[in-house]
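Engineer: Just need the structure, nothing else, for what follows:
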Amino acid sequence: MSYVPSELQYTHSHEWIRSEGNGVYTVGISDHAQSLLGDMVYVDLPELDLATDVGEECAVAESVKATSDIYAPLSGVVIAVNEELESSPELVNSDPYGDGWLFQLRVNDDDELNDLLMAEDYLTIIVEDEE
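Structural biologist: Below you'll find the predicted structure:
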């Protein structure tokens with residue numbers, strides 16, 4: 001069973017977000033997503049200052065099994081990327097909710113948070129996927 005921290009919010013496409021305060025959110029992919037993808041070999045992160053719309057492709061995770069697009073969970077501007085992933089993409093596998101984070105967004109509209117999944121709802125989705 002995949003680990004799903006209750007303090008985070010999730011998307012149907014398996015991204016997670018964590019509020020850092022002041023309209024800033026950290027984004028990564030869920031434990032479920034990284035386990036489906038397998039060992040990460042490369043992560044193509046978005047450019048700093050990239051403006052994103054909710055649902056827009058903004059990064060790519062490449063593993064030994066597949067390449068997967070990463071979608072912006074909220075509209076905003078990329079203000080930071082996890083540069084450690086350039087030399088250590090396996091952090092996404094070993095610590096998807098910690099050192100394996102992907103990027104940070106300064107969000108335009110907090111109302112978009114209402115469209116994200118709470119942990120309990122996300123867990124229901126991945127349990128259905130695993131059946």
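
Engineer: Centre of the chain to stretch 6-16, how far?
Structural biologist: The offset between the C-alpha centroid of stretch 6-16 and the centroid of the whole chain comes to 7 Å, using CA atoms, centre = their mean, to the nearest Å.

Engineer: quick one: low-confidence parts of the chain?
Structural biologist: When the per-residue scores of the chain are filtered using pLDDT under 70, the ranges that remain are 1, 130-131.

Engineer: Disregarding flanking residues, what is the spatial nearest neighbour of the residue nearest the centre of the chain?
Structural biologist: In the chain, the C-alpha nearest the mean C-alpha coordinate belongs to Gly28, at 2.5 Å (CA atoms, centre = their mean). Distance criterion CB to CB, 6 or more residues apart in numbering; nearest residue to Gly28, sequence neighbours excluded, is Trp101 at 4.4 Å. Backbone N, C-alpha and C define where each C-beta goes, glycine included.

Engineer: so the closest residue to Ser2 other than its chain neighbours, which of the three states?
Structural biologist: What sits nearest to Ser2 in space, not counting adjacent residues and going by CB to CB, 6+ apart, is His32, at 3.8 Å. At His32 the chain is in helix, as set by DSSP: H, G, I helix; E, B strand; the rest coil.
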